[in-house]
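# I would like the atomic coordinates for the input below:
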Amino acid sequence: MNRPSYKLIQDPEYGFLRIDPVPTREEVDRYYREEFYSKLKSFNDSALEVQLEEKEFMDSRWAAMCDACRRVLGRVQGLSVLDVGCGFAQALLYFREQGMEASGLEPAPEGVAYARAKGVEVFEADIEDFDCVGGRRFDVVTLINVLEHLRQPAETLRQIRDKLLNRGGLLILDVANEFNDFQTTADAEYRLNQWWLCPPNHINYFSVTSLCRLLERCGFNVVHKEASFPVELFMLLGDVYVRHPALGRDCHKKRVQFERLMRKHGKADKLSRFYQALAELDLGRQVVVGATPR
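Below you'll find the model as predicted:
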């Protein structure tokens, strides 16, 4: 597919960074139906192969989301959850094991087929189409590595607030934390050409601060924010893994080992507090934000 040239701008209304021009809805829909899973498996952590190989690590991400539900809603058991852009439903399978009523929405036929074969209710529809759920509402709505791909993230957030979430429900967002200080310092030192920019795969580029600002302007109260391990820190220590996949895998294994040992030796709460502190500094590779509708 021929792709136009893009430039990075600050969204004039909401302040987060995004590419310009924004791809058309038809271009985005075609990209996810035809290319997202089939052509990006070598580095796409939404790919089934990657998620199964890294099951322990991925489950720790889903567990952190369950912990956010406990903090905000007081429980996990019995909560209804809709994962928008659920992919191969690995998060939903975990949520179901924790006693949640799990449903998903996914545009890619291969993801829908896999999820349904596992007995998960999945609506096959475009990411921006919430009419498919037929007016149902949910206690929890998750968007995991989705908001950065959306043409109109503010409109999607408002629709989730107005159409999908129960009163008192919880929205959980997991996005890449881009242009953080560790990342930009490594880029400046090693001239890595802002390797994290990848249009039209990622349309939007959020920090913790810009994501929270967007949520608040879309009618939400931010009630929880937590980063993930700042993997770019390895580059500041000399392990420049960009364009070196083997070194990147080694750095990832060290990060997994760090988290495993903290949990093994009873430091899970301190680990979570550490990641919450990183979020306050706009640091960390990913950021999970929980928000409730006003």
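# Residue ranges in the protein under the pLDDT threshold?
1-4, 29, 32-46 (pLDDT under 70).
# Which stretches in it count as helices?
Under the criterion DSSP state H, the chain contains helices at 25-34, 48-53, 55-73, 90-97, 109-117, 153-159, 181-190, 208-217, 233-236, 245-264, 268-280.
# Can you name the residues in contact with the third one?
Spelled out, that is helix 55-73. 51, 75-76, 79, 90-91, 94-95, 98, 139-140, 142, 144, 168-170, 172, 174, 223-224, 226, 228, 256, 259-260, 263, 272, 288, 290, 292 (Cβ atoms under 8 Å, 6 or more residues apart in numbering). C-beta coordinates here come from the backbone N, C-alpha and C atoms, glycine included.
# same check, this time on the shortest one
By Cβ under 8 Å, 6+ apart, the list of residues contacting helix 233-236 from outside reads 182, 185-186, 189-190, 241-242, 251, 254.
# and of the helices of the chain, who's closest to residue 135?
For residue 135, the closest of the helices of the chain is helix 153-159, at 12.8 Å, according to Cβ to Cβ.
# other SSEs contacting that closest one?
helix 208-217 (3 or more Cβ pairs under 8 Å, 6 or more residues apart in numbering; DSSP states H and E).
# repeat that for 10 Å
Packing partners of helix 153-159 (3 or more Cβ pairs under 10 Å, 6 or more residues apart in numbering; DSSP states H and E): strand 138-144, strand 165-176, helix 208-217, strand 286-293.
# now those as CSV including distance to residue 23 and mean neighbour count?
Below are these laid out as CSV (distance: least, Cβ to Cβ, whole Å; neighbours: other Cβ atoms under 10 Å):
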stretch, distance to residue 23, mean neighbour count
strand 138-144, 18, 24
strand 165-176, 18, 20
helix 208-217, 19, 20
strand 286-293, 23, 24
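# Relative to residue 267, which of those is closest?
That would be strand 286-293 among these, by Cβ to Cβ, at 19.0 Å.
# Distance of the residue nearest to residue 240 when sequence neighbours are not counted relative to residue 233?
The spatial neighbour of residue 240 that comes closest, neighbours along the chain excluded (Cβ to Cβ, 6 or more residues apart in numbering), is residue 190 at 5.4 Å. For residue 190, the distance to residue 233 equals 14 Å [Cβ to Cβ, to the nearest Å].
# and the nearest residue to residue 194 once chain neighbours are set aside, what does it touch?
Ranked by Cβ to Cβ, 6+ apart and with sequence neighbours excluded, the top spatial neighbour of residue 194 is residue 187, at 5.8 Å. Residue 187 makes contact with 179, 193-196, 232, 235, 242, according to Cβ atoms under 10 Å, 6 or more residues apart in numbering.
# Mind giving me the PyMOL select for those residues, buried ones only?
In PyMOL, a selection of the buried entries from these looks like this (16 or more other Cβ atoms under 10 Å):
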select buried, resi 179+196+232+235+242
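# With distance to residue 31 as new columns, can the contacts of residue 187 be given to me in TSV?
Shown next, in TSV, are those (distance: Cβ to Cβ, whole Å):
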residue	distance to residue 31
179	23
193	23
194	21
195	20
196	18
232	27
235	29
242	24
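# Specify which member of the contacts of residue 187 is nearest to residue 126.
residue 196 (25.8 Å).
# Residue 206 is in contact with that closest one, correct?
No - at 11.6 Å, residue 196 does not count as touching residue 206 under the criterion of Cβ atoms under 10 Å.
# Could you name every residue contacting both of these two?
176-179.
# sorry, back to before: the residue nearest to residue 240: how many residues sit nearby?
Number of residues near residue 190 (other Cβ atoms under 10 Å) recorded here: 13.
# check contacts around residue 165.
Counting by Cβ under 10 Å, 6+ apart, residue 165 has contacts 82, 137-141, 171, 220, 291-293.
# Roughly how far does it sit from residue 244?
For residue 165 relative to residue 244 (Cβ to Cβ), the value is 42 Å.
# No further queries at this time; thank you.
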